[in-house]
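Engineer: give me coordinates for this.
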Amino acid sequence: MNIPFSPPFIDEAVIDEVLHTLRSKWITTGPKVAALEQEIVKLTSSKAAVCVNSWTSGAILMLKWFGVKEGDEVIVPAYTYCATALSVLHCGATPVMVDVNEDCCISPEAVRKAITPKTKAVIAVDIAGWPCDYNKLNEIINEAEIKDLFVAESIKQSFLNRIMLISDAAHSLGAKIDGEAAAQKSDITIFSFHAVKNVTTAEGGCICLNLPDHFDTASEYKYLRMYTLNGQTKDAFSKSLGGGWKYDIIFQGLKINMPDICAAIGLAQIKQYETHLLPARKQVALKYCDGFKGMDWFVPPSLKDETRESSYHLFPLRIKNITEEQRDQIIEDITATAVTVNVHFIPMPMLTYFKKLGYRIANYPMAYKQYACEISLPIYPQLTDEEIAFIIASVTAAVEKQVGNNQALDLGMESLKPAGIDF
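Structural biologist: Residues are numbered from 1 along each chain as shown. Below is the predicted model:
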């Protein structure tokens, strides 16, 4: 049995939508992108959605839109994919890394302690689909003493008049907080539609706007749409309509638009997301929990509590009382059974580039603790009950081998103990 980690969901509806795009003879940004944006607005109840070619470009765009520049600071968790911090660096600003809580999400109290007059934004990362504590984060950035620290240096900053809260929701399309879409809880939510995500466009992302009511959302959408097209006043589809060839460039934008051929994949998937794809992922997660529940070494992932529910993007298996080296050996043993697993994530301070910038993993003990014992298991709608059972058996055998070695070592140490001396 050969079980891949995260193949894309491609059914006949996806194929038909892509073929429809090809036969329309229009494959770059056009009606399919517009339709996908509307589906995302419907799913998230956001005020507007702007599709782009990746999560990273969406984050760079929104930081630039807000006026983030050299000398500014943006608070990010140490436990995330590198793009979270790289988007800040691309704007010339400094990523201020903070530690996470036991649930792997950014620590609100660590955020509070990291805020300075240079802080312009906080990027909170929803790990594995589990949304951050946005209620607490919003409370912090709206505290009078925190707002008094904020120094507005751009028109958008003056209009918001506080730190901007960005949700790195690359993993969390469909996550809920207080019974509503988690995207409602931040000023800006940015999704990823990379090939391994719950909904994919092969490569792509989407910016959801939920700015305060005094922002003109329609105007901001129009401005951001131009920003994705080099600051051009007309997109190619509009120009292709008879007599619409004239355009202007009114500011220095970026070239980060999503093409229709990519949007078509996501459009077909998102139409069945709440009725099929998301429930199917949830069922896989629950079957894993049931399969591992009797194991002393099993740390259940955060999936649902009284206020939050995951999007079930990953199943982050965590194993008690093992070392990073043992975790790596467990992965090798699982892989030997033809089950592909992964790790999310190597904390940024452990990566060479960030080490060179002066970040040290010793300053983020919780991030390291969660990384060292985590293994991401396959979770996607196509998994059969037989495959899930095989994964559970393979993982259990590999983990028990290491746990058994630990127990044998402990027994060996006990036999060596001199009377009255503790190891």
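Engineer: run a quick neighbour tally on the residue lying closest to I361 once chain neighbours are set aside.
Structural biologist: Spatial nearest neighbour of I361, excluding adjacent residues (CB to CB, 6 or more residues apart in numbering): P349 at 4.3 Å. In short, each C-beta sits where N, CA and C put it, glycine included. P349 has 21 neighbouring residues, counting by other CB atoms under 10 Å.
Engineer: list the contacts for V76?
Structural biologist: Residues in contact with V76, defined by CB atoms under 8 Å, 6 or more residues apart in numbering, are 84-85, 88, 95-98, 106, 122-123, 125.
Engineer: am I right that it is in a strand?
Structural biologist: Yes: the assignment for V76 is a strand, going by DSSP: H, G, I helix; E, B strand; the rest coil.
Engineer: thinking again about what came up before, quick one: the residue nearest to I361 and Y223, what's the gap?
Structural biologist: Look at P349 and Y223: by CB to CB, to the nearest Å, they are 36 Å apart.
Engineer: may I have the secondary structure class of the closest residue to L278 other than its chain neighbours?
Structural biologist: By the measure of CB to CB, 6+ apart, the closest residue to L278 outside its immediate chain neighbours is G174, 4.9 Å from it. In three-state terms, and counting by three-state DSSP, G174 is coil.
Engineer: next, give phi and psi for G174.
Structural biologist: phi 100, psi 0 (degrees, to the nearest 10).
Engineer: and H214, by the same measure?
Structural biologist: Dihedral angles phi and psi of H214 (degrees, to the nearest 10) take the values phi -80, psi -10.
Engineer: that one contacts S158, correct?
Structural biologist: No: using CB atoms under 8 Å, H214 is not in contact with S158, being 11.6 Å away.
Engineer: remind me which residues of the stretch 201-350 of the chain are low pLDDT?
Structural biologist: Along the stretch 201-350 of the chain, the parts satisfying pLDDT under 70 run over 239, 242-243.
Engineer: helices of that one, start to end?
Structural biologist: Remark: helices assigned in the stretch 201-350 of the chain by DSSP state H, counting those that start in this stretch are 217-227, 236-240, 260-270, 278-292, 324-335.
Engineer: quick one: which of those is nearest E70?
Structural biologist: Of all these, helix 217-227 sits nearest to E70, with 19.8 Å by CB to CB.
Engineer: what about L229, distance to S54?
Structural biologist: L229 sits 15 Å away from S54, going by CB to CB.
Engineer: next one: D385
Structural biologist: From D385 to S54 the distance is 35 Å (CB to CB).
Engineer: also D133?
Structural biologist: From D133 to S54 the distance is 27 Å (CB to CB).
Engineer: what of S46?
Structural biologist: Going from S46 to S54 by CB to CB gives 19 Å.
Engineer: do F193 as well
Structural biologist: For F193, the distance to S54 equals 9 Å [CB to CB].
Engineer: repeat that for Y353.
Structural biologist: Using CB to CB, we find Y353 at a distance of 19 Å from S54.
Engineer: likewise I249?
Structural biologist: For I249, the distance to S54 - CB to CB - is 23 Å.
Engineer: next one: A144
Structural biologist: Taken as CB to CB, the span from A144 to S54 is 37 Å.
Engineer: identify the residues contacting the most centrally placed residue in the chain.
Structural biologist: With distances taken as CA atoms, centre = their mean, A170 lies nearest the centre of the chain, 2.7 Å away. Contact analysis of A170 by CB under 8 Å, 6+ apart lists 55, 81, 83, 125-126, 190-192, 194, 197, 205.
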